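Q: I would like the atomic coordinates for the input below:
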Amino acid sequence: MGNYKGKIQLGWEVPPEVKESFRDWCINKGVLVQEDCAGALVIWKHLPSIIREKAKLEAKGTPSIDAEFWKQFSQGLELAVQAQLNNLHKRPDEKL
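A: Residues are numbered from 1 along each chain as shown. Below you'll find the model as predicted:
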């Protein structure tokens, strides 16, 4: 994937509220919408299927999980990533 020759414009239809919410979130974070959308597409396939299904329902306007869950989900992922990074820093250098 790292040797792509260019970029394409996505032609997918999404609910306007979803697009606007994502755009506003990106603006508030000071990031580029296109780059964060591409990043979201990369991690999507690694999420548990139940999370993908619940997110699709929410995008269709049918929230099926309490908003607090999404906050806790995010916090849990941050803790897991930090633990992984800490683990990598504790490993002795391996020679290839």
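
Q: can you list contacts of stretch 20-37?
A: Applying Cβ atoms under 8 Å, 6 or more residues apart in numbering, the contact partners of stretch 20-37 are 7, 10. In this view, the C-beta of every residue, glycine as well, is placed from N, C-alpha and C.

Q: And the spatially most central residue of the chain, what's its pLDDT?
A: With distances taken as Cα atoms, centre = their mean, residue 40 lies nearest the centre of the chain, 3.9 Å away. Predicted confidence (pLDDT) at residue 40: the value is 94.

Q: again, but for residue 11
A: For residue 11, the model assigns a pLDDT of 82.

Q: helix, strand or coil for it?
A: The assignment at residue 11 comes out as coil when based on DSSP: H, G, I helix; E, B strand; the rest coil.

Q: If you tally nearby residues, what's the number for it?
A: 5 (other Cβ atoms under 10 Å).

Q: What backbone torsions are found at it?
A: For residue 11, the backbone dihedrals (degrees, to the nearest 10) come out as phi -110, psi 20.

Q: Next up, the contacts around it.
A: Residue 11 is in contact with no residue at all, counting by Cβ under 8 Å, 6+ apart.

Q: For the residue nearest to the centre of the chain, what is the enclosing helix or strand?
A: When secondary structure is defined by DSSP states H and E, residue 40 falls within helix 33-44.
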